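J.: Can you look at this prediction? I've put the sequence above it.
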Protein chains: 2
Amino acid sequence: MSELANGWIKRVSVTPPSLKDNTADADRFENALKAVLNIEIADIDLTLSRKLPDLLRKYDFNLRCILFKDHKKWRLAGITGDNYEIVAGLAVDLGTTTVVLRLLDLSTGRTMAEYSFSNPQISIGPDILTRIHFAEKENGLETLNSLIIDGLNRAIAELCRSGNISPSVIYLISVAGNTAMTHLFLGLNPRFLIREPYIPAINRPGCLNARELGINANQSAKVFVFPNTGSYFGGDLVAGILYSGLNRSEKTAILVDVGTNAEVVLGNKNWLVACAGAAGPALEGGVTKMGMMAGPGVIDKVSVDSETGLFSIHTIEDHPPRGICGSGLIDLAAALFLSGMIDIRGKFVPEACKMGLKDKDGSKHFVLVPADASAEGIELSISQVDIDSLIRSKAAMYTILETISSYVGISLSELSTFYVAGTFGSLINPRSAITIGMMPDLSEGTYKSIGNSSLEGAAMILKDCGLMDEIDDIRNCITYIELNVNQDFMNRFSAARFIPHTNLSLFPSVKPVGFSSAQEKD
Amino acid sequence: MSELANGWIKRVSVTPPSLKDNTADADRFENALKAVLNIEIADIDLTLSRKLPDLLRKYDFNLRCILFKDHKKWRLAGITGDNYEIVAGLAVDLGTTTVVLRLLDLSTGRTMAEYSFSNPQISIGPDILTRIHFAEKENGLETLNSLIIDGLNRAIAELCRSGNISPSVIYLISVAGNTAMTHLFLGLNPRFLIREPYIPAINRPGCLNARELGINANQSAKVFVFPNTGSYFGGDLVAGILYSGLNRSEKTAILVDVGTNAEVVLGNKNWLVACAGAAGPALEGGVTKMGMMAGPGVIDKVSVDSETGLFSIHTIEDHPPRGICGSGLIDLAAALFLSGMIDIRGKFVPEACKMGLKDKDGSKHFVLVPADASAEGIELSISQVDIDSLIRSKAAMYTILETISSYVGISLSELSTFYVAGTFGSLINPRSAITIGMMPDLSEGTYKSIGNSSLEGAAMILKDCGLMDEIDDIRNCITYIELNVNQDFMNRFSAARFIPHTNLSLFPSVKPVGFSSAQEKD
């Protein structure tokens, strides 16, 4: 694999000292960086200063410097001389639920290994709000901080073991997470994130020392933390924008990270508008009794045969079904609607559901998988309450999309690309999401799933030192709009609480195949 | 005591956040510093960032910031709100032999306490060269570094105990030391300081974190280390120049730090020329059998009655005599010469010495204090070998002064002020130093003893934030000249090995009162 053209490893030849030039080693080195690379670095770490005289002489004044940068300055993360020594970087997607790490060779950009783990802070609370409240207790913040740092160190140890390298060869780390996770990762007080007027402690943490954060990497390793735009728009989305290329596009596009919190960015190379709002956990499958995160045996796809009305399911890794994830749920709701088994309000239509409908715990359930076909011998079903919850969530999602597009005065139908980010987002079948009116009725080619864009963005900056300025540009370019839940918002939300929408003209492609009674009501 | 007009503590009012202005606390704070003080600070320490949100709100967005600065940037060392909280600074003279600390109130500039201790590295070696060689052994550098850091921490504990304060109220520390001591203090490899071409690891350490250096002070305390100009011209002299005001003077003056190494700066507000050279330990009283450092009972002054030829001595604190320090030795040599008891070559003149001269250990000794008059019942005497050594040292000193003045093309007689720095320097009687030809024959009013100018310079910058730029100016302004021990130097040195000098016209005020035979030889 060839060397990265614009990577962070730079070769520098330093003029050796002489009696006529007794400049100190540190100045001599900094002068060379300036002369050769036109780079002025911030203070050299004491740990590096201590090694510099020996390294300069050991490598005959020819060094490989591992640099990094933030919005303020270039930083020096390490110095090597040997061209064959591995110099690694680590990209981290710091998710509320799942943390994903990618180990990269900084010289070639090659991915060496990946690793993911459940955020250990889940033991304190599955959601950010619980954790922020916990952080206010005595030693609460320290506990949360230790949980994530220890988790990362275990993951680093695992990655290094599998790659047969030492953590000391990791010089650069880039971390993208939401604002609250970033605060907990840095040990910053998250208290004011959730209180009016919602103020982060820091928006641009910049480059920090891994050692200071307690992360096990090279002694001088630097950690770049993606900047936030506000309490509800974090570095994970800035990384996502970078990866999607939204900020480089001539045409206006949208990037949506679907989750408990729906985060949306609309824009092009000239402007970016962002907002975020609670969509509820239903979209992630986190509300229904059979809902769960994607994993082996989890139903991720559901379809209905328009002729026979028979449902078919797909489970991850084809294991026997154990539950359903968000994408399966959206598919299921779409299938139920298309086959007329729920009406435009999302209510079960008993005549259409026939034997599929059951009374359980005092409410109606549609049975998707009978007990004898499931992995654990438990019937997998969805209740009216579950569907109501899903509809509220999808309505919130759509309302957010409408609000942001109307804010900038464009129609959702004008979007050139609709980027769907997130692991969950990548599983969503756009056709189903359109059918239930969660996403706008665009041609399917307009939808582009970009997976874990937060991790990809974090990995990108480890491979191209030119992108740091782009991150600043993105951050400075974003106009964040607060979603005011005013009458206007409520009117849109009410209209979106139908399947696909009160205004069917917005969804010309959605055509229920079952009972037509629902449409007549409109 | 009124508040310092230009101190490091600055009051800053920060605009409180609102829904219309959700800037993060860190940015908000930095913006206020910029708007109110026109100060752009380098990265805020993570420890301070972690406290910032609570402090802002606790003190209602009105803060006292403790700032510091180096050649690169302003630094934030601490934040307080309470106007009555003590904010302290610590000035350190990092001597090879003695370390002196002064604790200051940063708000008023008042000296709170002083403390000095023997440099614990003396246990490794009394001189820098031994220590540098020791630093090359395994763990040698770490050992030397720990010795000085632990010593400082003990001294800080002592100072704080006496001042009834906690080390956590120390926010700023300024350290002035020679280049080698600075290296050992910072844990920097001193190996290349003593090997051609004599390269320091760092010349401008700037501001560092006390915590990183292991110094017990406030968590975010900053340590400014005075910059070196080269391996043999350290931050102690830069501090000395600052204190003497040499760099602000219209008229050309000279600053001399007399010691084993003689360090000399010549100049005015337009230029500064510096050099340093070995003068030998004789001037500090470190060679003669009865020589010792200043302390109770040590002879610091010697005079001779021109009529009777009787010697009288003065001891420190008037204790019975135990030995003699450098200034006493210079006085003694001058007295011996003036009374004709040594000739212009420094050789004893038995006819003049009479009963005072004794043969001991195979060489001639002049007895200054008989056994029964000394503190320990031991005769205090000076040998021919001791005097020869003193003459070599004084000749080296004078040669260095002549060399530097001839380098810039001025005569020593043109100097407006002759600053003598150092504790030892402050004890020297200029008249005696002139008599033996160690210092030029200037009017006594020209000589100005400025004491521990290194400590004074270090203390000055804790009281005036405008002086940091001056330090850079001094450093950048200095032309350091290597003393080439060439034929020219040797010629000057040979001429200076007479008392006061081969060329008596250089010392018109020196008139021996004893035998005139010596003069006839000239």
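T.: That came through fine.
J.: and A:V265, what pLDDT?
T.: Here, the pLDDT recorded for A:V265 equals 96.
J.: Is my assumption valid that it occupies a position in a helix?
T.: No. Secondary structure of A:V265 (DSSP: H, G, I helix; E, B strand; the rest coil): strand, not part of a helix.
J.: Now do the contacts for it.
T.: A:L237, A:G240, A:I241, A:L246, A:I254, A:L255, A:L272, A:V273, A:A274, A:I478 (CB atoms under 8 Å, 6 or more residues apart in numbering or on different chains). C-beta: built from backbone N, CA, C; applies to glycine.
J.: how far away is the last one from A:L242?
T.: Right, A:I478. To A:L242, A:I478 is 12 Å away according to CB to CB, to the nearest Å.
J.: And those two? Which one has more around it.
T.: A:L242 (25 against 22; other CB atoms under 10 Å in any protein chain shown).
J.: which element is that one on?
T.: helix A:235-244 (DSSP states H and E).
J.: returning to what we had before: go through the contacts of A:V265 and flag which are in strands.
T.: A:I254, A:L255, A:L272, A:V273, A:A274, A:I478 (DSSP state E).
J.: where does the closest residue to chain B within the stretch 401-522 of chain A land on pLDDT?
T.: As assessed by CB to the nearest CB, chain B sits closest to A:E482 within the stretch 401-522 of chain A, at 7.2 Å. A:E482 carries a pLDDT score of 78 in this model.
J.: And the residue nearest to A:E142 when sequence neighbours are not counted, how far from A:F117?
T.: Nearest non-adjacent residue to A:E142, counting by CB to CB, 6 or more residues apart in numbering or on different chains: A:G187, 7.3 Å away. The gap separating A:G187 from A:F117 is 20 Å, by CB to CB.
J.: Look at those two and report which has more neighbours.
T.: Using other CB under 10 Å as the criterion, A:G187 and A:F117 rank with A:G187 on top: 23 against 15.
J.: Could you pull up the contacting residues of the more buried one?
T.: A:L141, A:E142, A:N145, A:L213, B:L46, B:R50.
J.: count of residues packed around the closest residue to A:A262 other than its chain neighbours?
T.: Using CB to CB, 6+ apart and skipping the chain neighbours, the partner closest in space to A:A262 is A:A279 (4.1 Å). Counted with other CB under 10 Å, the neighbours of A:A279 add up to 24.
J.: Next, count neighbours for whichever residue of the stretch 1-150 of chain A sits closest to chain B.
T.: Going by CB to the nearest CB, chain B is nearest to A:A24 of the stretch 1-150 of chain A, at 3.8 Å. The number of residues packed near A:A24 is 28, by other CB under 10 Å.
J.: Phi and psi next, for it.
T.: Torsion angles at A:A24 (phi, psi; degrees, to the nearest 10) stand at phi -60, psi 160.
J.: hang on, it packs against B:N228?
T.: Yes. Proximity of A:A24 to B:N228 meets the contact threshold set by CB atoms under 8 Å, at 7.3 Å.
J.: Tell me the one of the contacts of A:G187 nearest B:I122?
T.: Checking these against B:I122 with CB to CB, the nearest one is B:L46 at 37.5 Å.
J.: Please name the spatially closest residue to the closest one (chain neighbours excluded).
T.: Closest to B:L46 by CB to CB, 6+ apart is A:E212, at 5.8 Å.
J.: same deal with A:K358?
T.: A:K358 sits nearest to A:H365 (CB to CB, 6+ apart), 4.9 Å away.
J.: A:I330 too?
T.: A:S432 (4.8 Å).
J.: follow-up on the earlier one: residues shared between the contacts of A:A24 and B:N228?
T.: B:P200, B:I202, B:N203, B:R204.
J.: who wins for neighbours among the residues you listed?
T.: B:P200 leads the shared contacts of A:A24 and B:N228 on contacts (other CB under 10 Å) with 32 neighbours.
J.: Who are the contact partners of that residue?
T.: A:A24, A:D25, B:T179, B:H183, B:F192, B:L193, B:N228, B:G230, B:S231.
J.: and the gap between it and A:F29?
T.: With CB to CB as the criterion, B:P200 and A:F29 are 12 Å apart.
J.: do A:W8 as well
T.: In terms of CB to CB, A:W8 sits 17 Å off from A:F29.
J.: for A:P17, same thing?
T.: Counting by CB to CB, the gap from A:P17 to A:F29 is 11 Å.
J.: Who has more neighbours out of the two?
T.: The neighbour comparison of A:P17 against A:F29 (other CB under 10 Å) goes to A:F29, with 27 against 21.
J.: hang on, the more buried one packs against A:P53?
T.: No. Taking contacts as CB under 8 Å, A:F29 lies outside contact range of A:P53: 9.8 Å.
J.: which residues sit against stretch A:500-515?
T.: A:306, A:309, A:337-341, A:343, A:349, A:351-352, A:398, A:434-437, A:440-441, A:494-496, A:518-519, A:522.
J.: filter the residues you listed to the buried ones?
T.: A:309, A:337-341, A:343, A:349, A:352, A:398, A:434-437, A:440-441, A:495-496, A:518 (16 or more other CB atoms under 10 Å in any protein chain shown).
J.: Tell me which of the residues you listed fall in helices.
T.: Among the buried ones among the contacts of stretch A:500-515, DSSP state H puts A:F337, A:L338, A:A352, A:Y398, A:I434, A:T435, A:A495, A:A496, A:A518 in helices.
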